[in-house]
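**Student:** my questions are about this predicted structure, shown below with the sequence.
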Amino acid sequence: MTTNVLRWGASFRPPLLSGGSLVLIGLVLILVYQVLLPLVLIVWTSLKTIRPGAPGFLDLSFTLSNYARAYGIREFWESSLNTFYFASAATLCAFVWGTFLAWTVVRTNTPLARMIGTITVGRIIIPGVMITISWILMVSPSIGVLNYVMNLLTGIPRFFNIYSFWGMVWVQALEMTPLAYLLMSAAMQSIDPRLEEASSIAGAGTWPTFRRVTLPLILPAAAAAALLLFIQTVESFEVPLLLGGRARVAVYTTEVYFNTSRMPTDWGLASTYSMMLLVLAMVLLYIHFRLVRHGERYQTITGKDFRPRRIDLGRWKYLSCALSLLLVFLITGLPFLTMLYASLLPRFQAPTADALAAMTLTNYANLLADHGYALKPLWNSTLLGVGTASIIMLLVAAISYFVHKTRLGGRKILDFLGFAPIALPSVVLGSAFMWLYLLVPLPVIGTLRIIGLAYLTRYLPFALRFVSTSMVQIHNELEEAAAVAGGGWWRNFYHIYLPLLRPGLMAGWFWVMVHAYRELTISLMLSRSNNRTASVIIFDLWSNGSFPLLSAFGVVMFTLLIVLVSIAQKISSRYGIQERV
């Protein structure tokens, strides 16, 4: 009898209730507007010779002249090759460094392993544009501190040149290493140590065991991680913009930006490059999902006596510790110390006795005194980070519910639309929203709203993965019992699902807030004088050559991020996130 009653209660799914139906319709409309419309607009613009918003743009007359023009110029093929070479080289370096750190921290008895892992993950908080500028201050041919030191030691001026292809690869690889570490450390933790023990018993050493046993077991995860790193590098913008511009190394992302920011604006060519980026990202993501889909073939963890084990490196553990600390110092320590040093100087110069004696806090005082220029963008970034993260998490909670807790025939459409923006590079998404609001008569251009709307689309798929995992773990019987008690959909969702989803919601909120705060690409493409964000101010100061003031602003921005992250961690600790790690 009880089973029949519960089945009857389960039949009252949200689509049959007015509240659930309204939410479902609202979600579909939001996703169509935020995801499908910008995607269609990118394709549409690439087939038109008329700029968005001009008369005739919406006419049903199309042309392939933009593609013919792009394929017929030398710059297109140069940027294609540059994009491939740049992404391949940076991915290889980041993958090797990240895998080494993951193996050292997770699988060995290396001293200070926990600290190394914590600093590597904490590096994600620092905006990429700050790291890129820090390396410019260190290795620039004209003002680089390291070049000054090498000139004193060797007598060779301009020993290093960050404005080169390999300078781009170096900075981008260091930028991607923490992501590679996160991806590979998860795979390293899932290896059954008995297989490695069997290799050791057979007489194989540490390196042969890693090469013949460990590496083949993590092959699917390694391939997927490398492909994801490649995708992220193809979509990268800060390094190609700041370094590639001086090095004359053009890639797809910078071509899209320059063709939309230069006068006269070449909308057709920009949309064609956007289409190439979009197609490339979609193909790479398809391959990525194909690799992940067959990961069960390599499962080694079963219910039989699984016990994690760390490899004893003996005396080699001190070498692995030293190499790991060096990597961490290059990834996080050296760039931040350079930024801090530059922020205390009236003008940037090499670290001489005179420079140390001239250190002052004037740059920080000037920033705090100029509310309109410096403090307002910091406040804008805070509003965008906190507001975007909060709205996104509410949306993905509802989307995850309909996808995983209902039997709607079209529920997979919600999941597809929610995840589809992952194939939209930031520079493409920024262009799409610019074109969209040249057509839609809403007063959002030049406001924080247009940047927030673009952020919503950009970070929706990442937040959806956080919450979907938590939603699947909630048993349906809780809602069934609530339905028997007569609870409506709104009440059940608020009192049952949201409290149980708090760990996933808080983890996703934290991730979105940090990345929205440090976002440069979308903000730079959509910013005007009244809606500039912190990252845009950093780029503006860099363009003006105000290196000490820029460095002070970067330190203040990093400090605010630390405060926001600390508050988020303190709140999240109340909801069990630490127990899930």
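**Tutor:** Happy to help now that I have it.
**Student:** isn't Ala247 up against Trp166?
**Tutor:** No: Ala247 lies out of contact with Trp166 (C-beta atoms under 8 Å); the separation is 9.4 Å. From N, CA and C alone the C-beta is placed, and that goes for glycine too.
**Student:** between the two, tell me which one has more neighbours.
**Tutor:** The neighbour comparison of Ala247 against Trp166 (other C-beta atoms under 10 Å) goes to Ala247, with 18 against 13.
**Student:** which residue is the nearest non-sequential neighbour of the more buried one?
**Tutor:** Tyr163 (4.6 Å; C-beta to C-beta, 6 or more residues apart in numbering).
**Student:** over to the one you found. Which of the three states is it?
**Tutor:** Recorded secondary structure, Tyr163: coil (DSSP: H, G, I helix; E, B strand; the rest coil).
**Student:** now do the phi/psi pair for it.
**Tutor:** According to degrees, to the nearest 10, the main-chain angles of Tyr163 amount to phi -90, psi 70.
**Student:** so it makes contact with Ser140?
**Tutor:** Yes: counting by C-beta under 8 Å, Tyr163 touches Ser140, with 7.3 Å between them.
**Student:** can you check the pLDDT for the spatially most central residue of the chain?
**Tutor:** The residue lying closest to the centre of the chain (C-alpha atoms, centre = their mean) is His515, at 6.3 Å. On the pLDDT scale, His515 is placed at 87.
**Student:** helix or strand right after the host helix or strand of it?
**Tutor:** In the assignment (DSSP states H and E), His515 maps to helix 502-518. The C-terminal neighbour of helix 502-518 among helices and strands, as given by DSSP H and E, is helix 521-526.
**Student:** elements contacting that following helix?
**Tutor:** helix 252-261, helix 426-439, helix 448-472, helix 534-543 (3 or more C-beta pairs under 8 Å, 6 or more residues apart in numbering; DSSP states H and E).
**Student:** just to revisit the earlier point, and the residue nearest to Ala247, how close does it get to Leu439?
**Tutor:** As judged by C-beta to C-beta, to the nearest Å, Tyr163 and Leu439 stand 39 Å apart.
**Student:** show me the shaky parts of the stretch 201-350 of the chain.
**Tutor:** Along the stretch 201-350 of the chain, segments meeting pLDDT under 70 span 201-207, 209-217, 220, 262-263, 288-289, 291-309.
**Student:** list the contacts of stretch 144-153.
**Tutor:** 136-141, 156-160, 162, 338, 350-351 (C-beta atoms under 8 Å, 6 or more residues apart in numbering).
**Student:** only the buried residues of that stretch, if you could.
**Tutor:** Residues Gly144, Val145, Leu146, Asn147, Tyr148, Met150 are the ones in stretch 144-153 that count as buried (16 or more other C-beta atoms under 10 Å).
**Student:** so is the fourth one in a helix, a strand, or just coil?
**Tutor:** What that stands for is Asn147. Reduced to three states by three-state DSSP, Asn147 is helix.
**Student:** for the residue lying closest to Leu367 once chain neighbours are set aside, give its distance to Ser566.
**Tutor:** Excluding the flanking residues, the one nearest Leu367 by C-beta to C-beta, 6+ apart is Ala374, at 4.4 Å. For Ala374, the distance to Ser566 equals 22 Å [C-beta to C-beta].
**Student:** which of these two has more neighbours?
**Tutor:** For the pair Ala374 and Ser566, the greater number of neighbours falls to Ala374 (22 against 10), based on other C-beta under 10 Å.
**Student:** hmm, back to that, the contacts of stretch 144-153, buried ones only, as a ChimeraX selection?
**Tutor:** Here is the ChimeraX command that picks out the buried ones among these, judged by 16+ other C-beta under 10 Å:
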select :136,137,138,139,140,141,159,160,162,338
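**Student:** the longest helix along the chain packs against which elements?
**Tutor:** For the chain, the longest helix by residue count, based on DSSP state H, is helix 74-107. Counting contacts by 3+ C-beta pairs under 8 Å, 6+ apart, helix 74-107 packs against helix 113-122, helix 165-188, helix 219-234, helix 252-261, helix 267-293, helix 316-328.
**Student:** and the next helix or strand after the first one, C-alpha only, in CSV?
**Tutor:** Put plainly, it is helix 113-122. Next along the chain after helix 113-122, taking DSSP H and E as the criterion, comes helix 128-139. Output of helix 128-139 as CSV, limited to C-alpha atoms (Å, rounded to 0.1, in the frame of the first residue of the first chain):
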residue,chain,number,x,y,z
GLY,A,128,46.2,35.6,-15.6
VAL,A,129,46.7,39.2,-16.8
MET,A,130,48.7,39.9,-13.6
ILE,A,131,50.9,36.9,-14.1
THR,A,132,51.6,37.9,-17.8
ILE,A,133,52.5,41.4,-16.9
SER,A,134,54.7,40.2,-14.0
TRP,A,135,56.7,38.1,-16.5
ILE,A,136,57.0,41.1,-18.8
LEU,A,137,58.5,43.1,-15.9
MET,A,138,60.9,40.3,-15.3
VAL,A,139,62.0,39.3,-18.8
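**Student:** could you measure from the closest residue to Phe57 other than its chain neighbours over to Leu438?
**Tutor:** Excluding the flanking residues, the one nearest Phe57 by C-beta to C-beta, 6+ apart is Ile50, at 4.7 Å. Distance check for Ile50 against Leu438: by C-beta to C-beta, it reads 11 Å.
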